[in-house]
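> here are the coordinates; sequence isn't available:
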């Protein structure tokens, strides 16, 4: 096990082991326990009580973060003609058809999201082995296979994130940076929490959100009380 830095150990002392913190306390503590000199990422990890091997328990979707993630997503678009121009006008980082497909097929994945028009999916489909494992494959269910590529690019650039539970039942979300105001982090977390709860599979048994943790880059993990919502705290 790697030896922890003095700053990490000092920060970890502020976190009570085994304590479940309400969201406001947890995110406030996350900001205080950031140990980097740069603007750290704030990430939330959920462990869900689902079996991702079963199709009806595969939790996936998109959520719009009110304040974005703190970084501008790099978006590529597979499109031709007017659709390609519309994607460029909307701010896509790279647009193309056969040339872009060949580039990705060669292993290039320096982007955060991929969008495609429906007519391109016959060709884009063969990129499944490259994009699938990284969760980057365009999908109509997440709005990334669409004729309105301009809207898709704008939404993603504006803070829409795509998520999919991994084989262990985990979901990870970047909800901002430590430079965000506490209320901004709470707004983003609430949007994520509400969408996860909305997507609870009817076939999932037992406790749905089994564990939730918030942490900053290289900072200690802080257990979140995922039963508490923003509304609960506002009603106090």
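The structure has been received and is ready for your questions. Quick caveat, the model's predicted, so the values are computed rather than measured.

> which outside residues touch the biggest helix by length in the chain?
Secondary structure of the chain per DSSP state H: the longest helix is helix 182-198. Identification of contacts with helix 182-198 by CB atoms under 8 Å, 6 or more residues apart in numbering yields 23-24, 27-28, 30-31, 42, 44, 46, 48, 59, 61, 63-67, 69, 171, 173, 175-176, 180, 208-209, 214, 226, 229-230. To be clear about C-beta, it is placed using only N, CA and C from the backbone, and glycine gets the same treatment.

> buried stuff in it?
Going by neighbour count (16 or more other CB atoms under 10 Å), the buried part of helix 182-198 is 184, 185, 186, 187, 188, 189, 190, 191, 192, 193, 195, 196.

> of the residues you listed, just say which sits nearest to residue 11.
Residue 11 lies nearest to residue 185 out of the buried residues of helix 182-198, by CB to CB, at 17.2 Å.

> from residue 61, how far off is the closest one?
21 Å (CB to CB, to the nearest Å).

> what does residue 109 give?
Taking CB to CB, one finds residue 109 at 22 Å from residue 61.

> please apply the same query to residue 123.
26 Å.

> cool, residue 154 as well?
Distance from residue 154 to residue 61, by CB to CB: 19 Å.

> again with residue 128
Per CB to CB, residue 128 is found 20 Å from residue 61.

> secondary structure element for residue 19?
Under the criterion DSSP states H and E, no helix or strand holds residue 19.

> and it, its phi and psi?
Per-residue torsions, residue 19: phi -80, psi 140 (degrees, to the nearest 10).

> please renumber so the chain begins at 31
OK, 31 is where the count begins now, so the last one is residue 49.

> strands along the protein, start to end?
With DSSP state E as the criterion, the chain has strands at 71-78, 90-94, 105-108, 124-126, 143-146, 190-194, 200-207, 239-246, 252-253.

> turn these into TSV, including distance to residue 177 and mean neighbour count.
Below are the strands of the chain laid out as TSV (distance: least, CB to CB, whole Å; neighbours: other CB atoms under 10 Å):
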stretch	distance to residue 177	mean neighbour count
strand 71-78	33	22
strand 90-94	18	16
strand 105-108	12	27
strand 124-126	15	21
strand 143-146	10	27
strand 190-194	18	20
strand 200-207	28	21
strand 239-246	36	19
strand 252-253	43	21
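
> can you list the ones you listed in JSON lines and add distance to residue 170 and mean pLDDT?
Shown next, in JSON lines, are these (distance: least, CB to CB, whole Å; pLDDT from 0 to 100):
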{"stretch": "strand 71-78", "distance to residue 170": "24", "mean pLDDT": "95"}
{"stretch": "strand 90-94", "distance to residue 170": "12", "mean pLDDT": "88"}
{"stretch": "strand 105-108", "distance to residue 170": "14", "mean pLDDT": "97"}
{"stretch": "strand 124-126", "distance to residue 170": "19", "mean pLDDT": "96"}
{"stretch": "strand 143-146", "distance to residue 170": "10", "mean pLDDT": "95"}
{"stretch": "strand 190-194", "distance to residue 170": "12", "mean pLDDT": "87"}
{"stretch": "strand 200-207", "distance to residue 170": "21", "mean pLDDT": "93"}
{"stretch": "strand 239-246", "distance to residue 170": "27", "mean pLDDT": "94"}
{"stretch": "strand 252-253", "distance to residue 170": "36", "mean pLDDT": "92"}
